[in-house]
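Enquirer: Have a look; sequence and predicted model below, questions after that.
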Amino acid sequence: MAYPIHVKSEIGKLKTVLLKRPGREVENLTPDTMERLLFDDIPFFENIQKEHDYFADTLRKEGVEVLYLEKLAAESLVNEEVKQSFLKQMIDESGLISDYQKQAVIEYLGSMNNDQMIEKIMAGIRKHEVEIPHQTCLDTLDDYPFLTDPMPNLYFTRDPIASIGNGLTVNRMTFAARQRESLFIETIMNYHPRFADSGIQVWLDRYTGAHIEGGDELVLSDTVLAVGISQRTSAHSIKLLAEKLFKNNSGYEKVLAIKIPNNRAMMHLDTVFTMVDYDKFTIHPAILDSDGKMDVYVIEKANNELGMTITLRNNIEDVLKEVLNLSELVLIPTGRGDAIVAPREQWNDGSNTLAIAPGTVVTYDRNYVSNEVLREYGLRVLEVLSGELSRGRGGPRCMSQPLVREDLK
Ligand SMILES: NC(=O)NCCC[C@H](N)C(=O)O
């Protein structure tokens, strides 16, 4: 049976991927809001779309089927009851204060066709767009221009979801700026004909009491995951995920919980560490201490009261070799490990590669030193344009959610 989600590695030939083309939500960033909305600058709209189209075309040319989140979301709302309940929940989660506001916004959105409605929800709604009864109520009198915020991070489809085996996590995200994103995913999985009723296992849902984001969730093999303990993913959520995987015949028997620094540049594990071939990984040297060590908790399925054992290790190379049955392994340093180049290129996602087959990766063109190093290690590197896309602080892995990969031989 062909599963709509089938991802048993980071590197198996990519067959189907979920993207989101940057839309008007990016145009609704301002200097006052960009920090809260998790951007470091305001992208040039026309060029960010061109760059994203180039990224999508690069994947298509490699035989990858590209699906768009915005299209799938609109197609999931054909049933009127589903549409109304989605709208109500989305608006309930959008920070509107009064019932008058909520009702007026629901009516405004409900008058649109599904494509326009999804686009508008994602872009954010300005106050002047909606006529609200009892406008004199204090709720709408401040200077803030939006009734509902834009969601400019949607093009980072990696984070609200993570495909693992034949299932997924639909993520409870850390910051309010991104929390509504996974409601689109939940709706697609429940109601889009391609996904609904196909037995997809939800390992964690968006109502789980702990934060997790897909940039931290790496599928190293058909039995081993790596998950970052990071600014965005708590150790508790990793324990909950391990429990769920171990108890439910997922095939997963080991989870490596990898502790990374808690800062903006390294918000997720995939900003500092990605798998690029059977035996090769990119790594940002700053996540290792002066002895080249870091904390890795090896969580293993066990027949004890906890259902697992947890062992603290500190040599990531040794741990990876053991769990992946490799005799040798290469850690490729971002920016060649240089004290200036490495942090500069990591800031613009030089470690954040998207493997589309063993040894073939998509990277940003601006990280020319890291790209050169990857080529020296024998990798096939497909560079994509990155002047504007990188302003959101995410790279090719962040901008893509694999839905189907071929199994490794
Ligand atoms: N996996 C990733 O590292 N995704 C990048 C997310 C960037 C986005 N501006 C954020 O701060 O969440």
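Expert: Done, it's in.
Enquirer: Return the nearest residue of the stretch 1-150 of the chain with respect to the ligand.
Expert: L38 (3.5 Å; CB to the nearest ligand atom). The way it works is simple: take the backbone N, C-alpha and C, and place the C-beta from them, glycine included.
Enquirer: State the distance from T187 to the ligand.
Expert: Shown here: T187 relative to the ligand, a distance of 21 Å by CB to the nearest ligand atom, to the nearest Å.
Enquirer: In the helix or strand that residue falls within, which residues are buried?
Expert: If you go by DSSP states H and E, T187 is part of helix 181-191. By 16 or more other CB atoms under 10 Å, the buried positions in helix 181-191 come out as 181-191.
Enquirer: Using a markdown table, please lay out these together with pLDDT.
Expert: Listed next are the buried residues of helix 181-191 as a markdown table, based on pLDDT from 0 to 100:
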| residue | pLDDT |
| --- | --- |
| E181 | 98 |
| S182 | 98 |
| L183 | 98 |
| F184 | 98 |
| I185 | 98 |
| E186 | 98 |
| T187 | 98 |
| I188 | 98 |
| M189 | 98 |
| N190 | 97 |
| Y191 | 98 |
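Enquirer: what's the pLDDT at the closest residue to the ligand within the chain?
Expert: Nearest to the ligand, among the residues of the chain, is G215, at 2.3 Å (CB to the nearest ligand atom). On pLDDT, G215 comes in at 98.
Enquirer: again, but for T136
Expert: Per-residue pLDDT puts T136 at 52.
Enquirer: do the same with P133
Expert: In this model, P133 is scored at 72, pLDDT.
Enquirer: Can you pull up the residues of the stretch 301-409 of the chain that come close to the ligand?
Expert: 392-394, 398 (CB under 6 Å from any ligand atom).
Enquirer: Recalculate using a threshold of 8 Å.
Expert: 349, 352, 392-395, 397-399 (CB under 8 Å from any ligand atom).
Enquirer: now those as TSV including neighbour count?
Expert: Formatted as TSV, these follow (neighbours: other CB atoms under 10 Å):
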residue	neighbour count
D349	29
N352	31
G392	26
R393	20
G394	25
G395	31
R397	29
C398	26
M399	26
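Enquirer: Where does N304 sit, in terms of helix or strand?
Expert: Applying DSSP H and E, one finds N304 in no helix or strand.
Enquirer: SS state for L18?
Expert: strand (DSSP: H, G, I helix; E, B strand; the rest coil).
Enquirer: what's the pLDDT at it?
Expert: 98.
Enquirer: Kindly reformat the buried residues of helix 181-191 as JSON lines containing distance to V255.
Expert: Listed next are these as JSON lines, based on distance: CB to CB, whole Å:
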{"residue": "E181", "distance to V255": "24"}
{"residue": "S182", "distance to V255": "21"}
{"residue": "L183", "distance to V255": "26"}
{"residue": "F184", "distance to V255": "27"}
{"residue": "I185", "distance to V255": "22"}
{"residue": "E186", "distance to V255": "23"}
{"residue": "T187", "distance to V255": "28"}
{"residue": "I188", "distance to V255": "26"}
{"residue": "M189", "distance to V255": "22"}
{"residue": "N190", "distance to V255": "26"}
{"residue": "Y191", "distance to V255": "30"}
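Enquirer: Please list the residues of this protein that sit near the ligand.
Expert: So far as CB under 8 Å from any ligand atom goes, the chain lies against the ligand at 37-39, 152-153, 156, 158-159, 173, 175, 177-178, 213-216, 232, 264, 267-268, 270-271, 349, 352, 392-395, 397-399.
Enquirer: Model confidence at the nearest residue to L29 once chain neighbours are set aside, what's the number?
Expert: Closest residue to L29 in three dimensions, ignoring its sequence neighbours and counting by CB to CB, 6 or more residues apart in numbering: I42, at 5.0 Å. Looking at I42, its pLDDT is 97.
Enquirer: a strand runs through I42, doesn't it?
Expert: No - per three-state DSSP, I42 lies outside any strand segment and is coil.
Enquirer: how many other residues sit next to it?
Expert: Neighbourhood size, I42 [other CB atoms under 10 Å]: 18.
Enquirer: thought it was touching P31?
Expert: Yes - contact criterion CB atoms under 8 Å: I42 and P31 qualify, at 7.4 Å.
Enquirer: quick one on the thing from earlier: and the next helix-or-strand element following the helix holding T187, how far out from the chain middle?
Expert: Proceeding N to C from helix 181-191, the next assigned helix or strand is strand 201-204, under DSSP H and E. Mean-position distance between strand 201-204 and its chain equals 16 Å (CA atoms, centre = their mean, to the nearest Å).
Enquirer: How about R375, nearest residue that isn't a chain neighbour?
Expert: V381 (5.6 Å).
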